[in-house]
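Novice: Whatever this is, show me its structure:
(2 chains)
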Amino acid sequence: MKILVCISHVPDTTSKINFTDGDTKFDTTGVQFVINPNDEFGLTRAMWFKEKQGAQVTVVNVGGPETEPTLRKALAIGADQAIRVNTQAKDGYQVAKEIANVVKDGAFDIVIAGRESIDYNGGMVPGMIAALTNANFVTNCINLEVDGTNATAMREIDGGKETVATSLPLVIGGQKGLVEESDLRIPNMRGIMMARKKPLSVVEPINAAAETNSVKFEKPAPKGAVTLVAPDNLDELINLLHNEAKAI
Amino acid sequence: MSVLVYTESEQGKFKKTAFEVASYAKAVADQMGTTVTAITVNAGDSSELGNYGVDKVLNVNNSDLDKFNANAYASAITQAAQQEGAKVVVLSSSADSKYLAPIVAIGLDAGYASNVVEAPSSTSPFTVKRTAFTNKAFNMTTIDTDTKVVGVSQNSFGLVESNGTVSSEDFSPSIPSISVTVQSVDKATDKVSIADAEVVVSGGRGLKGPENWGMVEELAEVLGAATACSKPVSDLGWRPHSEHVGQTGKPVASNLYIAIGISGAIQHLAGINASKIKVVINTDPEAPFFKAADYGVVGDAFEVVPTLIEKLKAFKAQNA
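Specialist: The predicted structure is shown next:
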């Protein structure tokens, strides 16, 4: 079983979000980059398939050399090899096209990508890879079992979950639930040392064109001060919610 | 070249988001000087869509589509867009619509923008405002392809009523063979889901243990709300992770969000920021949530919440 895990290189969840160049670019000053959390749940599930079912795990990122430490971290967690498609990611479509090309070249059985990245929140890369490679597709995936070429997956739906049966090749949009938070692995020294020797190949892009273009960023308007209500005056809270906020 | 909108239904009834995306499609169609066509799947009576600006409805009635299937639904929508010559396809942000949107986009060679919160600021270039960085910022994005797919963020555009009549037609797209089959659905039918909820009541670690969730559920019941929780609560296993809201959990875009015993970590606030009115109940006046909330009560949840429940019951009885 060959698994490809797509790794997006994103600002840490605690990062302050600021913009530069006339609000057209994300300000990376002082920002620590990490594996996109939704991708990390998928990577950790892939490690489980490696250990229990002998899967071979490759990680891929579409980005410049600055994303290599994030790929090395994925290798330190236990992936066997890494691929960096050497181009700046402009939109989800371009990323999906580049990864679909890697998928075709590598004949992967399963592709796992986070259901969305926590920076652009596009939520399109896994679905587009599936459509471009004619693979089966399950997103918001919270459980995945594979038996031969058959797979059973669970997907979160609005207000519940559903279990689906499908087959390989399969693309998964992963999230928390695929593994639990407590299953996530912090690379140990041995893993970090081994990661230095694992292959990280840089491949040239097919130069897929983006279909959308980020023009400008805006920060939400600053919030007005909170209106405090005394705990012994909850009638006032109900009054405010009803008459002022019109929320009840 | 109409605007096509997929209006979702459940058990023969339109979801509220269906009327919101129809309203959005109408705004786009007005800007482009064209009409709105809706596509429904096993929806029953679709005349209600006329109240939100839809001119024509394509009704798909097919028992093979009783259970949602992303590929099959995407294929039906793609064929409808091709038949209508639609240049813009509008979808909601439900779990199902987000599942099928990228497939529709590839099928139509269309660029896709998700989480869109406003009508386009311009249709040439086609420019939309969407949330990014999990609600910590907005991103103005152009869609540069001939056909565009727009995913509208829930509760962002609202419902806009308009008087109109709607014509409806049966539509029978060819359905691809289904290779992802639903085996079972586990959905609480007596509870409001976080995605559909107008009001969400959420509990954090301040509630001390899962045995204390009775009052959260009771408050939710009084308000017709969904229940949710913070990340530590789901990590501790006090509540199922389907209730976890925040940056790595579910996003919340309700009209009212009530946080009980949640301090307001940056990741939590990011996930719930799209809610219109936020109320926090917490013993610690320094909790960061007070900076993000509209209304706050500094007090012990174990005293405040039961009192609030009683007072809300009285209020509801009076205003029923």
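
Novice: So which bits of the top helix by length along chain A are buried?
Specialist: Determined from DSSP state H, the single longest helix within chain A is helix A:37-53. Using 16 or more other C-beta atoms under 10 Å in any protein chain shown as the test for burial, helix A:37-53 gives A:37-47, A:49-50. Yep, even glycine has a C-beta here, placed from its N, CA and C like the rest.

Novice: Just the closest of those residues to B:Ser47, please.
Specialist: A:Asn38 (40.4 Å; C-beta to C-beta).

Novice: how does chain B divide into domains?
Specialist: B:3-170, B:199-319 (automatic domain parsing).

Novice: In CSV: those domains, plus mean neighbour count.
Specialist: Formatted as CSV, the domains of chain B follow (neighbours: other C-beta atoms under 10 Å in any protein chain shown):
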stretch, mean neighbour count
domain B:3-170, 21
domain B:199-319, 21
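
Novice: Turn those domains into a markdown table, including mean pLDDT and distance to A:Glu204.
Specialist: Putting the domains of chain B into a markdown table (pLDDT from 0 to 100; distance: least, C-beta to C-beta, whole Å) gives the following:
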| stretch | mean pLDDT | distance to A:Glu204 |
| --- | --- | --- |
| domain B:3-170 | 96 | 23 |
| domain B:199-319 | 95 | 33 |
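
Novice: In a markdown table, list these along with distance to A:Gly127.
Specialist: Shown next, in a markdown table, are the domains of chain B (distance: least, C-beta to C-beta, whole Å):
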| stretch | distance to A:Gly127 |
| --- | --- |
| domain B:3-170 | 3 |
| domain B:199-319 | 18 |
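
Novice: Out of the buried residues of helix A:37-53, which are close to chain B?
Specialist: A:37-38 (C-beta under 8 Å from any C-beta of the partner chain).

Novice: any idea which of the buried residues of helix A:37-53 is the one closest to B:Ala270?
Specialist: Ranked by distance to B:Ala270 (C-beta to C-beta), those are led by A:Pro37 at 12.1 Å.

Novice: mind listing what the closest one touches?
Specialist: A:Pro37 is in contact with A:13, A:114, A:118, A:176, B:247-248, counting by C-beta atoms under 8 Å, 6 or more residues apart in numbering or on different chains.

Novice: now, which of these sits nearest A:Asn136?
Specialist: A:Gly114 (17.9 Å).

Novice: how much space between the closest residue to the closest one other than its chain neighbours and A:Thr87?
Specialist: Closest residue in space to A:Gly114, ignoring its immediate chain neighbours: A:Asn38 at 2.7 Å, by C-beta to C-beta, 6 or more residues apart in numbering or on different chains. Distance, A:Asn38 to A:Thr87, by C-beta to C-beta, to the nearest Å: 22 Å.

Novice: Name the SS class of B:Asp186, please.
Specialist: strand (DSSP: H, G, I helix; E, B strand; the rest coil).

Novice: Which residue ranges of chain B form helices?
Specialist: B:16-32, B:70-84, B:95-107, B:214-223, B:231-235, B:266-272, B:289-292, B:301-319.

Novice: Out of those, which is closest to A:Leu168?
Specialist: Ranking the helices of chain B by proximity to A:Leu168 (C-beta to C-beta) places helix B:70-84 first, at 15.7 Å.

Novice: Just list what that closest one packs against, helices and strands only.
Specialist: strand A:136-147, strand B:3-6, strand B:36-41, strand B:56-60, helix B:95-107 (3 or more C-beta pairs under 8 Å, 6 or more residues apart in numbering or on different chains; DSSP states H and E).

Novice: among those, which is nearest A:Thr58?
Specialist: Proximity to A:Thr58 (C-beta to C-beta) singles out strand A:136-147 among these, at 16.3 Å.

Novice: buried sites along the following helix or strand past that closest one?
Specialist: Later in the chain than strand A:136-147, the nearest helix or strand by DSSP states H and E is strand A:150-157. If you call a residue buried by 16+ other C-beta under 10 Å, then strand A:150-157 has these buried ones: A:151, A:153-157.

Novice: Angles on the backbone of whichever residue of the stretch 201-320 of chain B sits closest to chain A, please.
Specialist: Here the stretch 201-320 of chain B gets closest to chain A at one residue, B:Gly299, 3.1 Å apart by C-beta to the nearest C-beta. Phi and psi for B:Gly299, reported as degrees, to the nearest 10, are phi -180, psi 170.

Novice: any idea how far A:Gly159 is from chain B?
Specialist: Distance, A:Gly159 to chain B, using C-beta to the nearest C-beta, to the nearest Å: 3 Å.

Novice: Return the residues in contact with that residue.
Specialist: By C-beta under 8 Å, 6+ apart, A:Gly159 lies in contact with B:187-188, B:191-196.

Novice: pLDDT wise, what is it at?
Specialist: Listed pLDDT for A:Gly159 reads 86.

Novice: before we move on, back to that, angle of the longest helix of chain A against strand A:136-147?
Specialist: Here helix A:37-53 runs at an angle of 30 degrees relative to strand A:136-147 (axes from the mean of the first three to the mean of the last three C-alpha atoms, to 10 degrees).

Novice: For the next helix or strand after helix A:37-53, which strands pair with it and how are they oriented?
Specialist: Using DSSP H and E, the helix or strand that follows helix A:37-53 towards the C-terminus is strand A:56-62. According to DSSP bridges, strand A:56-62 forms sheet pairs with strand A:2-6 (parallel), strand A:81-85 (parallel).

Novice: Export those as JSON lines, with columns for mean pLDDT and distance to B:Phe290.
Specialist: Converted to JSON lines, those look like this (pLDDT from 0 to 100; distance: least, C-beta to C-beta, whole Å):
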{"stretch": "strand A:2-6", "mean pLDDT": "98", "distance to B:Phe290": "39"}
{"stretch": "strand A:81-85", "mean pLDDT": "98", "distance to B:Phe290": "44"}
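
Novice: Please identify the deepest-packed of the ones you listed.
Specialist: strand A:2-6 (a mean of 25; mean count of other C-beta atoms under 10 Å in any protein chain shown).

Novice: Chain A: helices as residue ranges?
Specialist: Using DSSP H, the helices of chain A run over A:37-53, A:68-77, A:92-106, A:125-133, A:189-197, A:234-239.

Novice: so which of those helices gets nearest B:Thr141?
Specialist: With C-beta to C-beta, the closest approach to B:Thr141 among the helices of chain A belongs to helix A:92-106: 10.8 Å.

Novice: Name the residues that touch that closest one?
Specialist: Residues outside helix A:92-106 that contact it (C-beta under 8 Å, 6+ apart): A:2, A:4, A:6, A:58, A:60, A:62, A:83, A:85, A:87, A:89, A:111, A:113, A:120, A:122-125, A:128-129, A:132-133, A:135, A:203, A:205-206, A:208-212, B:102, B:105, B:111-112.

Novice: And that helix, what's buried?
Specialist: Those would be A:92-103, A:106, for helix A:92-106 by 16+ other C-beta under 10 Å.
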